[in-house]
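In: Structure for the following, please:
(2 chains)
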Number of protein chains: 2
Amino acid sequence: MELFEVLNPPQRLLMGPGPINAYPRVLQAISNQLIGQYDPVMTGYMKQTQRLYQQVFETNNEATLLIDGTARAGIEAVLVSIIKPGDKVLVPVMGRFGHLLCEIAHRTGAEIYTIDVEWGEVCDPALIEQEIKRIQPKLLATVQGDTSTTMNQPLAEIGEICKRHGVLFYCDATASVAGNELKIDEWQLDAVSVGLQKCLGGPSGSAPISLSDEFVKQINKRKHVEKGIRADHHEDGVEPMIQSNYFDLPMILDYWGEERLNHHTEATSMLYAARECARLYLEEGAVNVIARHKQAGDALATGLKAMGLQLFGNQAYKMNNVVGVYIPDNVDGEEIRRELLLRFGIEIGTSFGPLQGKIWRIGTMGYNARQEAVLHTLAALEAVLLRHKAAIQPGQAVIAAMEYYS
Amino acid sequence: MELFEVLNPPQRLLMGPGPINAYPRVLQAISNQLIGQYDPVMTGYMKQTQRLYQQVFETNNEATLLIDGTARAGIEAVLVSIIKPGDKVLVPVMGRFGHLLCEIAHRTGAEIYTIDVEWGEVCDPALIEQEIKRIQPKLLATVQGDTSTTMNQPLAEIGEICKRHGVLFYCDATASVAGNELKIDEWQLDAVSVGLQKCLGGPSGSAPISLSDEFVKQINKRKHVEKGIRADHHEDGVEPMIQSNYFDLPMILDYWGEERLNHHTEATSMLYAARECARLYLEEGAVNVIARHKQAGDALATGLKAMGLQLFGNQAYKMNNVVGVYIPDNVDGEEIRRELLLRFGIEIGTSFGPLQGKIWRIGTMGYNARQEAVLHTLAALEAVLLRHKAAIQPGQAVIAAMEYYS
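Out: Sure thing, here's the model as predicted:
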């Protein structure tokens, strides 16, 4: 029999594109003992969590709740619940996570139309409007912050365009939420999904989502109740059944709603974590948390530039919480990352697809969006690069970042 | 702004059909700080977790891993990955969770054939063979322990029948695993999925699954790799794409395999919990843990009968870890449950569908499969029933259970 040892993970400073270190208070919350899923205390915590995420998302959407899975589960729940085979979906693709939206939507039978944007740029709202007019999609699906490119798509104008043309507007804000502005009601978003493992400072495994009343009205046409669960007869919706049970949002809304109709068994520990992530964010204040992310991100970028490194992508649209930086000539990017991890306990990110081997991605998120994390990372990166004889400017990076902070 | 209070759940004794109280060591494990998903320590933990669940499941299946979601997510991952539209699936339905298998399979486009078994009984393997011959399904999908009826389906003979007829054999063992025997290889199961929140003594939110080589061969025909993730070209599988991305097992196998191809971001905290659940089970020893569940379940049933209550279902096939008991005449079952919860801090279960309002379900699972939990529950239930003037035998239940234990 192989039992292995008691869990004892090393202390890492996670400065990649996520996951990152959880706030200590989140780890305290997640370790609380369980209670029953219909315990009035539990349903109370569920209601509180809904209210907390309404505030995080700056929305009055009643349909604000958690999907029990990673951020990707939240995306799939939204897309599979709204898209029927043959529905037209328009997706601006600015990086890997735009491709992911297409891929998930494709599997629901959607007709996909993309606006292909060069990696490192964002999509012009005027172009989105032009394509909406031409294609007349049911849904516009976009990513806000795409960590694969570090770009943050401006959303403020797009919601109004969608409303004007009767198009539903969904955004995956997993990587951007809590590090960059996100205003569901003001920006007229119909659906948003996120995860905890970026700027919210929690573990992966719970996906807060929020849906507008119009979105709920649309998906409820596909409502359906499981056999064997209810004594009385129930009238099913008029439109085709959603092709997933686990991600059937009308059923999940019933589970979170007053009726508390059984669906899955709520992942209580993850709910404890999600609740505490939101409390931390709101307690510090949205404006302050986002400012802290901007400060840490700018300090890091300042340090990297002072080292003589070149940043990736259009800096006017960079997310506050992650920066792409070109790997200098004649060094092996993966060897540098390995040394940072194993000698300094610091993790920075590699890249996907066309950027693989070309840039690193360095994050400053949640608990790690703080001065010491930025300074340690710059100092360690500089040392490792010098050891590998990279042509960088020594002795400048940390000081530049410290000065930025003063 | 509404922040609500620091999480402070009441101490409950969860004696329902699950979720139940987590083992304290699981709550310690889950509160560990996060590490990166490609950190060698993390991939090491993933490998260990695979090895631990191979031992829990008594299998050599290499494809043994966690799905990031509740037990229901594990079910859907298995079914959506194997079933293509038009595939025939045979499901013995003995309770609510049989209906759930049908419901999930139906959404993948399967042609569903059921064997309808009266709630409280199990399905005769000879009948299964007869129906397999008649229908020639691709897959037989069954529940092992269906908590809605408390029955435990014998599986030992069914695997051999399936093999003989070239039918794949899947079992949802969420409610039975670790409280009742489950031998994947000996019983020739092709796919099994479970959850942590029953006899494994962890929180809901992670679904260990195991797949035979033959099952993997079948699903790999539908393999597909996301765009934007890989630099090189990749040949896709020959069969239609799996209709879910999140539950695409060939992709998830690549994430857990040597290639570590990115899919979702592993829910690290839940993996910590799952790993510790398995360690606890194996450390105590499968035979001992199952015996402990049988002992607690029998002691509880003995006590209930001594009180003069009638048990539900064919007791020859009762799961070790949960018992159904008829609500006595002239008492309000929900009022009794409420009083047990709010005055004694003890939770017992209500019922679904045809059994709603007729029986309670009382569990003795994982950490709570122990003498004191059984005795406190019987004592409290007796007191509340007497207070509500139920016609029961006073003063017998606890003593009978104590004597059973001596």
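In: Close to chain B: what parts of the stretch 251-400 of chain A are there?
Out: A:262-270, A:272-273, A:275-276, A:279, A:282-283, A:341, A:347, A:352-354, A:356-357 (C-beta under 8 Å from any C-beta of the partner chain). (Each C-beta comes from the backbone N, C-alpha and C, glycine too.)
In: got the domain boundaries for chain A?
Out: Annotated domains of chain A cover A:23-282, A:286-405 [automatic domain parsing].
In: can you list these in CSV and add mean pLDDT and mean neighbour count?
Out: Listed next are those as CSV, based on pLDDT from 0 to 100; neighbours: other C-beta atoms under 10 Å in any protein chain shown:
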stretch, mean pLDDT, mean neighbour count
domain A:23-282, 95, 22
domain A:286-405, 98, 20
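In: circling back: among the residues of the stretch 251-400 of chain A next to chain B, name the ones in helices.
Out: Judged by DSSP state H, helices contain the following of these: A:268, A:269, A:270, A:272, A:273, A:275, A:276, A:279, A:282, A:283, A:341.
In: how about the nearest residue to the third one, chain neighbours excluded?
Out: The reference is to residue A:270. Among residues not flanking residue A:270 along the chain, residue A:206 sits closest, at 4.0 Å (C-beta to C-beta, 6 or more residues apart in numbering or on different chains).
In: who's in contact with the one you found?
Out: Going by C-beta atoms under 8 Å, 6 or more residues apart in numbering or on different chains, residue A:206 touches A:66, A:67, A:68, A:69, A:195, A:196, A:267, A:270, A:271, A:273, A:274.
In: how does it look with 7 Å?
Out: A:66, A:68, A:196, A:267, A:270, A:271, A:273, A:274 (C-beta atoms under 7 Å, 6 or more residues apart in numbering or on different chains).
In: what's the answer for residue A:41, then?
Out: Per C-beta under 7 Å, 6+ apart, neighbours of residue A:41: A:35, B:9, B:10.
In: Go through the residues you listed and name the one nearest residue B:56.
Out: When those are compared for distance to residue B:56 (C-beta to C-beta), residue A:35 wins out at 25.7 Å.
In: Redo the domains of chain A as CSV? Include distance to residue B:91.
Out: Below are the domains of chain A laid out as CSV (distance: least, C-beta to C-beta, whole Å):
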stretch, distance to residue B:91
domain A:23-282, 12
domain A:286-405, 40
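In: Torsion angles phi and psi at the residue lying closest to residue A:263 once chain neighbours are set aside?
Out: Distance criterion C-beta to C-beta, 6+ apart; nearest residue to residue A:263, sequence neighbours excluded, is residue A:255 at 4.1 Å. Dihedral pair for residue A:255: phi -70, psi -40, per degrees, to the nearest 10.
In: Also the one 10 residues further on?
Out: Backbone geometry at residue A:265, expressed as degrees, to the nearest 10, gives phi -100, psi 110.
In: isn't there a helix covering residue A:254?
Out: Yes - Residue A:254: assigned to a helix according to DSSP: H, G, I helix; E, B strand; the rest coil.
In: mind listing what it touches?
Out: residue A:261.
In: what residue is smack in the middle of chain A?
Out: For chain A, residue A:174 is the residue whose C-alpha lies nearest the centre (C-alpha atoms, centre = their mean; 0.9 Å).
In: My read is that that one contacts residue A:199, right?
Out: No - the pair residue A:174 and residue A:199 fails to qualify as a contact (C-beta atoms under 7 Å) at a distance of 9.6 Å.
In: what residues are shared contacts of those two?
Out: Overlap between the contact sets of residue A:174 and residue A:199, as judged by C-beta under 7 Å, 6+ apart, is nil.
In: List phi and psi for the one residue in the stretch 51-200 of chain A that gets nearest to chain B.
Out: Scanning the stretch 51-200 of chain A for proximity to chain B using C-beta to the nearest C-beta identifies residue A:99 as nearest, at 3.6 Å. Main-chain dihedrals, residue A:99, degrees, to the nearest 10: phi -60, psi -40.
In: what's the answer for residue A:172, then?
Out: According to degrees, to the nearest 10, residue A:172 has phi -90, psi 110.
In: Ok, residue A:338 next?
Out: Residue A:338 adopts backbone torsions of phi -60, psi -40, taken as degrees, to the nearest 10.
In: residues touching it, list them.
Out: With contact set as C-beta under 7 Å, 6+ apart, residue A:338 has no partners.
In: and what of residue A:10?
Out: Residue A:10 neighbours (C-beta under 7 Å, 6+ apart): A:345, B:35, B:41.
In: How about residue A:108?
Out: Residues in contact with residue A:108 (C-beta under 7 Å, 6+ apart) are A:79, A:80, A:83, A:243.
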